[in-house]
Structures are given as C-alpha cells and as structure tokens.
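Student: got a sequence here, can you build the structure:
(2 chains)
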Amino acid sequence: MSEAAAVATTPPLVAPAQPRPVVLLLRRSWQQARTKVGVTLVLLLVGIAVVGPFFAPHSPSAFVGAPYAHPSSHAWLGTDNLGRDVFSRFLWGGRSVLGLAIAATALGLALGVTIGLFAAYASATADDFLMRAMDVILAFPSLVLALVAVATVGPQLWLLVLVVGITTAPRVSRVTRGSSVEIVERDFVRAAEAIGEPRRKILLGEILPNVASPLLVEASLRLTYSVGLIAALSFLGFGLQPPAADWGLMINENRQGLTVQPWGVVAPVLAIALLTIGTSLIGDGVARASSGIERGSDEE
Amino acid sequence: MRFLWHGITGFVIRRLLLGLLTLLLVSIVVFAATQTLPGDPARAILGRSATPDSLRALRAQLNLNHSAIVQYGDWLKGLLTGNLGTSLAARQPVSAVIGKRVENSAFLMFLAAIVSIPLAIVIGAVTARRRDSKFDHGMSVGLLGLAALPEFVVAILLVVLLGTTVFQVFPAVSLIPPQDYPWQHMNELVLPVLTLVIAVTPYISRIMRASMVEVLESDYVEMARLKGMSERKVLWRHSVPNGIAPTIQVIALNLAYLAGGIVVVEFVFGYPGIGAAFVDAVANRDIPVVQALAILIAAVYVLLNVAADVVTILVSPRLRTSLK
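Tutor: Residues are numbered from 1 along each chain as shown, chains lettered A, B, ... in the order given. Alright, predicted model coming up:
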C-alpha cells in the first residue's frame, strides 16, 4: 500500500545512476522474509475489512437466532450476545478500526512532520519550545490522554482520530527533527537559501525527501500503535457505539458469553492481533533494510 | 549554592526540576482538557434533562463560577494539599474512592516488574550468547510479534487460552473482595500479571540482547575465556552485570509504560485498581476522579522517566565523567 504510493509519487528520472533512496529502501525491505509475511497479513486483513461486507451472509444488525448460539450452517461463527450473526459482524467490523487508525496515523504524521521540520529549521528558541511541548504530550501514556479527552467531550469518532493523532505526533516530530537537523546544515540547503527559495519550498522540496527513510519506519510503528489504541478505545466502550459492528466493540459485547460461545470474541481478537503483527513485521523489515543501507552492506 | 549546578548532583537537581516543570505543564493540560473546553461541563455531565437547580449545584461543586485561572489555582492548591475534590458518582472524597486502589495497582505493577525484569535479562543474555542461531531468530520474531499486540488483545487471548475456553487453569476475572489485600488472592493475579509481563518483556529483552552482544565481543570477556573460565561463568558472572547497565533506562521506561498499561488490563480482569477506576470515571464523566487519576498516572510516568535518566547517568562511567 505504502509501496505503491511511494512509487507513484516518484518523479521520472532522467538518467538514474542510482535509484532514489526510498525506492532502494523499499526494494531492500521486500527482500526480507518478515516484510513479505507482514505485507501478506496486512493485505489479508485489509481485504477482509474492505471487501468483506460484500460477502456477509446476513445484515450485521439482523437477529438470526438465539443469543450465543453455537456455529451452524446458518451462522458460521455462531451468534453474538443479542443473537446477531458473528461472521457477518466480523466482516463488517474491520472498516472502522482500520479507517480510524489510518486517519489518526495520517494526522499524526502530518502534524509530526510539520512540527519536526519547522523545529529543525527554526531558531533555537522556537526549536526548544516545540520540543518541550512535545515532551509534555509524551508525559502521558497515550491511552490516558485519550481517556481524559473522552471524559470531557464524550465518545466522538473525530475526537478519537484527533487525540490519537496528537499522541502520535511527538514521536514523529522527534524522528523528523533528529534526521533533518544535520541536513539543514548541508550545502544544497544553503544553496537553496542563497538563491532565495521560500522556506516552505526548501522544507518540502529539499529536506523532506532526505528524511523519508526514517519516517517510513516510524510510520509503520505508529500505525501498529494506532490500531492498538483505537481498538482498545472501542473495546473500552469509547469508540463506535452499539449497534455498530466494530472489532473492538464486538470483543467487549461478547466477553460475558466467552465460556458459552467464544467465536464472537476470538474472531475479532485474532483479526486485531494479526493486523498489528503484520504492520509491525513490515516496520521491522523496513528498519532492518534501512540500517543495512546505512552500513553500506548487502546482507540483511 | 553554585556547586549544586555542576557535576552529578547538579544534573540530578536539574533533571528533577525539569520533571516538576513537566508535571506542572501536565496539570495545566489535564485541567484545560477537562474543565475549560468550550461548552458547559455541568450540562455535558448531567445531560439535557438536567434541572436548572442541579446544574447550578454542580457548577458550584466543580467551581465553574470563577475564571479559569482561579479555578486552576484552587484545583492545584487542592492537589498539593491532598484535597482531590469530591467524586460526582460516589459522592465521597476522591481520596477515599481511590486510596485502596492505588495500593492494589502498585502491587500489580510490582509483581509485573519483579517477574518481567529478570525474565527479560535472561532472555536477552541467552539470545545474545546464541546470536544468529535458530533459537535467536525464533525468539526475535516471536518477541516482535508479542510486542506488537495491544495489551487488551494479550489479556483476552490469555483468558481464552488459560481461563475459559481451552484450559481452565486460572480465574478469568480478578474479583478481590474490598476488605482483602490482593496478595491474599495470588491465583486471581496470575493472568493480569502475565499480560503485563508479556507487554514489557519483549522491549527489555531486545535492548538487553543488543547490549550483551557488545559485551560478549569485548576484550575482558575474551580475556576471561582465555583464562579458561567456564562459559557459564563468563556469561552470568562477568557479562550479564555489564550488559544490564545500558538496559536500566529501558527498564525504567517500561515500568513507566506499565502505569498506562494497567488501565486496560485492570478493566479486562475487573481488578480493583486505579486503571479500572479510571475507565469507570471516564464512562460516568466523573471529572474530579478523572483529573486526579490522570495526574497520578502522569506523575508516576514522569518520575520513572526522571529516574531512568538519573540512573543511566550514574551507571555509565563515560556519561558521568562528561558532566564533571
């Protein structure tokens, strides 16, 4: 997914002596077995979330039998606490988790990259101020900050995206700032300044492409974390509200019937588990490839 | 007084002050987030059907009739003097609502720490010793997978595996009678502690492994081997103590992480600690309890972070001398 996006935004090269660093990184990452496993897992789960609803045998809100009925030919994974089809709700329930997590990660990346680039390029005072502000956000466990916001505003989906995005931003901004600080001092940035390029253009055109590799590693880490956080919030009852079909909510709703009919809990738990394992395997593959490139070696 | 700003003492003092400053900022964030957001918190808490009288009473109780700065000042004064306000749901002082729960949570964190730290050190040492073996690769992928799992997923999987569906070895809920202490019910604590151990062990053992790989390649380890010392003694007597130093910071950071991790874990197992209380308070919009617990958890988090920095300086000779 991220691979396709990165390739699509690569401008045509006139005479490529060496492929662009990001392309090289993605190619090296793909050579690792764990990246392939990760991509497979993520594609599988994304596939279920995106096209699953079209294959759902029942409506996710229809009552198809007695509560906590065992799996049968009618309801493949049995029924849930209210007698709805677990399999259909499972197929419907991935969209919200994935959609919210991706939105929150995208927001966190946008905020973090903006703050990090600005801090690296700003005066020492502004740099200090921004990084101290990031430290304050990092002084909370992310879930606690999210819960404080939910306590005040109530369980709103935009709030979840906003607050998970905000807790994602500091780590992204640290990575961005850390890898851009040395690039700011390089000759090509000085040259761009000398010919009077506007600051925005220097940041986005000269500096950002050079920090893309560490950002890619950070992005997959943050996505893993956002999926966990969003799913945890809906599991606690502060995400989508009933009667929505959502993996986190499903786990909470069917917990009481675990001894009678485990599938209402097991299916969404496994889905979230495999999704987070997948994104983190991808992240680890990219990280290994990236440290390999830095060392200048061809081995894994 | 000037000497205080130099050397290790100076570093510790500066780091502590910075921690206090962070806590002050944290208190402003918590206060701003819970009490000064647009809209009327009293109405948000009581709902649309609230009578004007009850709204007025709640506003007075939440101190909403003063300016935000006065409200914050009063609240901070209360925090520092131990007066945490009155719980809206329990109609009791917040300190009475959370008092015993703080002990329970501390005990849970303590158990998780004394199990996970030695376990992670052993895993790190053994995987470093057998670097690039099948065992090492297997552990690396396995720990990576475990580290990726959100705590509530680990908790539920453990309940399914050991509490209800596959085996029924341990209780799936940690119901501890209010008059009892948690250590009187160790069996009920197995699954919550195991969840927390799984949450933090992978990170610590990864860092321990990296640190041990370096130690095992050092000259003094080579020397010990050349002297004919047994491999076991080289590893556990001479290498592990040196490998632990760089790991201490990560250990402290992971203990800090436990302070947040208990929220979900206590909720899953119904353990009577501050995490479960926090979730309840959020669901009931019991703002005074939310504020107190958010500050408490953040304070533990900040203090452990400070401790991590201080201990790291104290145990690494190179950093220590650079401060002089």
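
Student: just the local confidence number for the closest residue to chain A within the stretch 201-324 of chain B, please.
Tutor: The nearest approach of the stretch 201-324 of chain B to chain A comes at residue B:260, 2.3 Å away (Cβ to the nearest Cβ). Every C-beta, even on glycine, is put in place using the N, C-alpha and C of the backbone. At residue B:260, the pLDDT value in this model is 80.

Student: that one sits in which helix or strand?
Tutor: Assigned by DSSP states H and E, residue B:260 belongs to helix B:248-269.

Student: quick check: next helix or strand after that helix?
Tutor: Following helix B:248-269 toward the C-terminus (DSSP H and E): helix B:274-284.

Student: state the mean pLDDT of that next one.
Tutor: For helix B:274-284, the mean per-residue pLDDT is 90.

Student: what is it packed up against?
Tutor: helix A:142-153, helix B:94-129, helix B:248-269, helix B:287-315 (3 or more Cβ pairs under 8 Å, 6 or more residues apart in numbering or on different chains; DSSP states H and E).

Student: quick one: distance of that helix to the chain centre.
Tutor: Relative to the mean C-alpha coordinate of its chain, helix B:274-284 is positioned 17 Å out (Cα atoms, centre = their mean, to the nearest Å).

Student: would you mind putting the CA coordinates of that helix into CSV?
Tutor: This file holds the C-alpha atoms of helix B:274-284, laid out as CSV (Å, rounded to 0.1, in the frame of the first residue of the first chain):
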residue,chain,number,x,y,z
ILE,B,274,-6.9,2.8,39.6
GLY,B,275,-7.0,1.7,36.0
ALA,B,276,-10.4,0.1,36.3
ALA,B,277,-11.5,3.1,38.4
PHE,B,278,-10.2,5.5,35.6
VAL,B,279,-12.3,3.7,32.9
ASP,B,280,-15.4,3.8,35.2
ALA,B,281,-14.8,7.5,35.9
VAL,B,282,-14.5,8.3,32.2
ALA,B,283,-17.7,6.3,31.4
ASN,B,284,-19.5,8.2,34.2
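
Student: list the contacts of that helix.
Tutor: A:144, A:147-148, A:150-151, A:236-238, B:87-89, B:97-98, B:101-102, B:104-105, B:262-267, B:270, B:286, B:289-290, B:293-294, B:296-297 (Cβ atoms under 8 Å, 6 or more residues apart in numbering or on different chains).

Student: just the helices in the stretch 151-300 of chain A please.
Tutor: All helices of the stretch 151-300 of chain A, identified by DSSP state H, counting those that start in this stretch, fall at A:157-184, A:187-194, A:199-201, A:212-235, A:247-254, A:263-295.

Student: ditto for the stretch 1-150 of chain A
Tutor: Counting by DSSP H, counting those that start in this stretch, the helices of the stretch 1-150 of chain A are A:2-8, A:21-30, A:33-55, A:86-92, A:94-121, A:124-138, A:142-153.

Student: which parts of the stretch 51-200 of chain B sit against chain A?
Tutor: B:141, B:144-145, B:147-153, B:156-157, B:159-160, B:164-165, B:172 (Cβ under 8 Å from any Cβ of the partner chain).

Student: that older thread, which of the contacts of helix B:274-284 are buried?
Tutor: If you count burial by 16 or more other Cβ atoms under 10 Å in any protein chain shown, the buried members of these come out as A:144, A:147-148, A:150-151, A:236-238, B:87-88, B:97-98, B:101-102, B:104-105, B:262-267, B:286, B:289-290, B:293-294, B:296-297.

Student: is it correct that residue B:314 is in contact with residue B:9?
Tutor: No: in this structure, residue B:314 is not within contact of residue B:9 by Cβ atoms under 8 Å, at 11.3 Å.

Student: who has more neighbours out of these two?
Tutor: residue B:314 (15 against 12; other Cβ atoms under 10 Å in any protein chain shown).

Student: measure that one to residue B:15 for me?
Tutor: Applying Cβ to Cβ, to the nearest Å, the value for residue B:314 to residue B:15 is 11 Å.

Student: kindly report the same for residue B:227.
Tutor: Distance from residue B:227 to residue B:15, counting by Cβ to Cβ: 41 Å.

Student: between those two, tell me which one has more neighbours.
Tutor: Higher neighbour count among residue B:227 and residue B:15: residue B:15, with 17 against 8, using other Cβ under 10 Å.

Student: quick one: residues contacting that one.
Tutor: Residue B:15 neighbours (Cβ under 8 Å, 6+ apart): B:306, B:309-310.

Student: rerun at 10 Å
Tutor: Shown in contact with residue B:15 (Cβ atoms under 10 Å, 6 or more residues apart in numbering or on different chains): B:305-310, B:313.

Student: could you do residue B:187 as well?
Tutor: B:169-171, B:174.

Student: show me which of these is closest to chain A.
Tutor: residue B:171 (12.3 Å).

Student: now that closest one, nearest residue through space, not along the chain?
Tutor: residue B:188 (5.0 Å; Cβ to Cβ, 6 or more residues apart in numbering or on different chains).

Student: output the below-cut-off pLDDT ranges for the chain.
Tutor: Defaulting to chain A. Scanning chain A for pLDDT under 70 picks out the ranges A:1-19, A:292-300.

Student: my question was about chain B
Tutor: B:1-6, B:36-41, B:43-45, B:47-48, B:62-63, B:316-324.

Student: please name every helix or strand in contact with the helix holding residue B:260.
Tutor: helix A:142-153, helix A:212-235, helix A:247-254, helix B:94-129, helix B:151-158, helix B:186-216, helix B:274-284, helix B:287-315 (3 or more Cβ pairs under 10 Å, 6 or more residues apart in numbering or on different chains; DSSP states H and E).

Student: how close does the residue of chain A found nearest chain B sit to residue B:297?
Tutor: The nearest approach of chain A to chain B comes at residue A:141, 2.3 Å away (Cβ to the nearest Cβ). In this view, residue A:141 and residue B:297 are 7 Å apart by Cβ to Cβ.

Student: any common contacting residues for these two?
Tutor: Joint contacts of residue A:141 and residue B:297 (Cβ under 10 Å, 6+ apart) are A:147, B:256, B:259-260, B:262-263.

Student: can those residues go into JSON lines with extra columns for distance to residue B:247?
Tutor: Shown next, in JSON lines, are those (distance: Cβ to Cβ, whole Å):
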{"residue": "A:147", "distance to residue B:247": "30"}
{"residue": "B:256", "distance to residue B:247": "15"}
{"residue": "B:259", "distance to residue B:247": "19"}
{"residue": "B:260", "distance to residue B:247": "21"}
{"residue": "B:262", "distance to residue B:247": "22"}
{"residue": "B:263", "distance to residue B:247": "26"}
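
Student: max pairwise distance over those residues: which two?
Tutor: Farthest pair in the shared contacts of residue A:141 and residue B:297 (Cβ to Cβ) is A:147 and B:256. Separation: 17.1 Å.
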